[in-house]
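Coordinates for the following, if possible.
(2 chains)
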2 protein chains.
Amino acid sequence: MDNFLYHIPTKIHFGRGKVSELPGEVQVYGKRVLLVYGGGSIKKIGLYDSITKLFADAGIEWYELGGVDPNPRVESVREGVRLCREHGIDVVVPAGGGSAIDCAKAVAACASYEGDAWDMVSGKVKVGEVLPVIAVLTVAATGSEMDTSAVISNPETRDKIGFSNAAMRPKVSIMDPEYTYSVSKYQTAAGTADIISHVLEVYFNNNPGAYLQNRFCEAVLKTAVAYGHRAYRDPEDYEARANLMWAGSWAINGLLSKGNPVGWSAHSMEHELSAFYDITHGAGLAVLIPHWLRHMMREENLYNYVEYGVEIWGIDPSLDPHEIAEKAIGATEAYFKEMDLPSTLRELGIDEEYFDEMAEKAGAGLKKAFIPMEKEDVLAIFKAAL
Amino acid sequence: MDNFLYHIPTKIHFGRGKVSELPGEVQVYGKRVLLVYGGGSIKKIGLYDSITKLFADAGIEWYELGGVDPNPRVESVREGVRLCREHGIDVVVPAGGGSAIDCAKAVAACASYEGDAWDMVSGKVKVGEVLPVIAVLTVAATGSEMDTSAVISNPETRDKIGFSNAAMRPKVSIMDPEYTYSVSKYQTAAGTADIISHVLEVYFNNNPGAYLQNRFCEAVLKTAVAYGHRAYRDPEDYEARANLMWAGSWAINGLLSKGNPVGWSAHSMEHELSAFYDITHGAGLAVLIPHWLRHMMREENLYNYVEYGVEIWGIDPSLDPHEIAEKAIGATEAYFKEMDLPSTLRELGIDEEYFDEMAEKAGAGLKKAFIPMEKEDVLAIFKAAL
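Numbers count the residues shown, from 1 in each chain, chains lettered A, B, ... in the order given. Okay, the predicted model is just below:
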């Protein structure tokens, strides 16, 4: 187990009706809020009305940044920063999925910087003071509600970049599984694939000494696998939504990767697909993961695949290790397919046109991957996934 | 899954050499420290010298409360409170196992109260302001380094009482597995039993909907089971010490029990044994657990025992459920025995003399137990364990 610093101070109010805690939590930090949300699903489910009534009743003043895109754009961040400055915002409150929360975190970080937000997102400028973020989560997927990162897209440059700072971690997140009842089947499936991918990025590691962490990975994987399908089949199954939601947070809040190096190589590749084609992140991951796993398989790391197959997919441990590994990858593929996720890039409208450019850009994480990779590896995985 | 509030802000510096972080963390809160420790093992392993040198170099002023007993006594808490007042202590720094940390947490809580410390420990007076606690852990067992409780004994009244407050949770804990190399075989075994017991108190629950939590329980159990024996056999096996140490924190910091009601019934019983006979907590638990598990088994909760047997002890799932349950309890018993832990109360020097009195007092937790229990149940378990 490697040395590490663990510090996840986010306070979580979990369960039915917990949005009532929002005003009290906001008032710890101030009384002027920027409410950040996406295409309006929070209006459809009544969450917008709940929040604004709670704010009004508590005398909290709020301004709004709506219409944040699924792959949130730097333009939204710029607009949010402008609103923060204009209104002297104390707290940024995203209500939505990972896109709204990522955008809010980026706004909170960039608000203290005089220059263009993209400078900070792209790492040219260091993150300084960050406004407090209090999130209301409505989609189980990215884990942004409890982690330190934000992923922002710049359509002009075809960049999709994640940046991260401890101060960007939400101070509080409110997680009511009932808000996820209305998440579409497709988005539920994509969210599940995203959660699974976060764990697999950590679970496939070269550090068998981080035994507890690997067992924690299995706990989250088993939960996502079992309840992803349940939530997909029955969108109003509370236990399924609750388990999937809580699993989503632990998949990426940091616990699994502490003491356990992580590559984020599948994410590096998928970010390029999303940047070039604006596809759903989890759908892109569902296509890539089986090919990514297959590409990294070696004789010396076969035990990881065997552990994965036996623990997560219940494959007979007495079979030949190669067979277990192949069955495990096949089970992963089949699992995504049963939720009607795409299994080829073509289904996502992606062809070879930008393969070279995307593979070139997918640098981050590749060197620290389970198997260190180069541009050629990314190309091979893209081609296999076509 | 029940509604819950999750908030575990303790910062953990984990790994070799991490004690170097201590002065910086202390200085966040002040410059006058009360150093709390036990019978001197921190002197034997050089930790006392490391800490005091770090303090001296950083200009941190420190006072000492040494000689804290394994079941820390209220007398030590009183003395600590006196020192805090006399020297205007800013931060309480326990260096040791659960006893030193529990005592330090109690001192930190009671320092702001003018009356007798026992009033607060026994719940007559509410916890108010609490001094910050920064712990340096040297034994994997109680999980006190990341939780909110302190258990204090009063030999005069034969009471052993746990009290708890969110503000008593250490702000920072430093966990270097190498400090646990010198923990004796007996204490390593007892610590492992303690960790396992913390998880079993949560794992045996009536809430199958808290699926993720149950899987997290299995992660910690598997780790404690695997690495408890390894650390027992080879005290300087870093991976074993590291995994056991980190598992000990997660066994009881709150994650497992959030959304999942906990009874703490085995602990309620063991606290009476410790209060009357001053025995090692983990040894008492090792004796009680198999009988406690057997006593609570019912037709309708057999699935919990089956899950436990299959997941933790690798028992063939195709066997009859009753057989799996019995084998699981037998495996637990055998596991403790292989580490030379006692398996009867007599081995701990306990006879029937105080059974009635102890069973009478073991009230806390019994009503919320996996199977609600009465005094008669406790008596039956004590007798079976004799």
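
Any idea how far the helix or strand where residue A:83 lies is from the middle of the chain?
Mapping residue A:83 onto the secondary structure by DSSP states H and E places it in helix A:74-87. Here helix A:74-87 is found 23 Å from its chain centre; the criterion is Cα atoms, centre = their mean, to the nearest Å.

quick one: average pLDDT of the helix or strand that that helix is followed by?
Per DSSP H and E, helix A:74-87 leads on to strand A:91-96 as the next helix or strand towards the C-terminus. If you average the pLDDT over strand A:91-96, you get 98.

Tell me who's in contact with the residue located most distally from the centre of chain A.
Largest separation from the mean C-alpha position in chain A: residue A:318, at 35.3 Å (Cα atoms, centre = their mean). By Cβ atoms under 8 Å, 6 or more residues apart in numbering or on different chains, the contact list for residue A:318 is empty. Where C-beta positions appear, they are placed from N, C-alpha and C, glycine not excepted.

what's the pLDDT at it?
96.

next one: residue A:134
Per-residue confidence (pLDDT) for residue A:134: 98.

Surely it is in a strand?
Yes: using DSSP: H, G, I helix; E, B strand; the rest coil, the assignment for residue A:134 is a strand.

So what's the residue count around it?
24 (other Cβ atoms under 10 Å in any protein chain shown).

same question, the one 4 residues further on
Other residues within reach of residue A:138, judged by other Cβ under 10 Å, total 28.

That one contacts residue A:95, doesn't it?
Yes: counting by Cβ atoms under 8 Å, residue A:138 touches residue A:95, with 6.8 Å between them.

tell me, what's touching these two both at once?
Joint contacts of residue A:138 and residue A:95 (Cβ under 8 Å, 6+ apart) are A:42, A:47.

Now do the strands in the stretch 251-386 of chain A.
Counting by DSSP state E, counting those that start in this stretch, the stretch 251-386 of chain A has no strands to list.

quick one on the thing from earlier: could you report the separation of the residue farthest from the centre of chain A from residue B:338?
27 Å (Cβ to Cβ, to the nearest Å).

Please apply the same query to residue A:34.
Taking Cβ to Cβ, one finds residue A:34 at 59 Å from residue B:338.

Next: residue A:207.
Residue A:207 sits 28 Å away from residue B:338, going by Cβ to Cβ.

Among these two, which residue is more densely surrounded?
Between residue A:207 and residue B:338, residue A:207 has the larger neighbour count (other Cβ under 10 Å), namely 16 against 13.

tell me the contacts of the more buried one?
The contact partners of residue A:207, taken as Cβ under 8 Å, 6+ apart, are A:1-2, A:259-261.

ok, and which of the residues you listed reach chain B?
Filtering the contacts of residue A:207 for proximity to chain B by Cβ under 8 Å from any Cβ of the partner chain leaves A:1-2, A:259.

out of the residues you listed, who's nearest chain B?
Closest approach to chain B among the ones next to chain B among the contacts of residue A:207 (Cβ to the nearest Cβ): residue A:1, at 4.3 Å.

neighbours of that closest one, just the number please.
Counted with other Cβ under 10 Å, residue A:1 comes out at 23.

Am I right that it is in contact with residue A:259?
Yes: contact between residue A:1 and residue A:259 holds when scored by Cβ under 8 Å: they sit 4.2 Å apart.

what residues are shared contacts of those two?
Counting by Cβ under 8 Å, 6+ apart, the shared contacts of residue A:1 and residue A:259 are A:207, A:210, A:213, B:14-15, B:242, B:246.

Around chain B, pick out the residues from the stretch 251-386 of chain A.
Neighbours of chain B within the stretch 251-386 of chain A, by Cβ under 8 Å from any Cβ: A:258-259.

just to revisit the earlier point, relative to strand A:91-96, how tilted is the helix holding residue A:83?
With axes from the mean of the first three to the mean of the last three Cα atoms, to 10 degrees defining the directions, helix A:74-87 sits at 140 degrees from strand A:91-96.

Can you give me the buried ones in helix A:74-87?
Of the residues in helix A:74-87, A:74-81, A:83-84 count as buried by neighbour count, 16 or more other Cβ atoms under 10 Å in any protein chain shown.

quick one, what contacts residue A:29?
Counting by Cβ under 8 Å, 6+ apart, residue A:29 touches A:90-91, A:132, A:134, A:171.

how about 6 Å then?
A:90-91, A:132 (Cβ atoms under 6 Å, 6 or more residues apart in numbering or on different chains).

ok so, going back, could the ones next to chain B among the contacts of residue A:207 be laid out in a markdown table, adding pLDDT and distance to residue B:41?
A markdown table is the format used below for the ones next to chain B among the contacts of residue A:207 (pLDDT from 0 to 100; distance: Cβ to Cβ, whole Å):
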| residue | pLDDT | distance to residue B:41 |
| --- | --- | --- |
| A:1 | 93 | 23 |
| A:2 | 94 | 27 |
| A:259 | 90 | 25 |
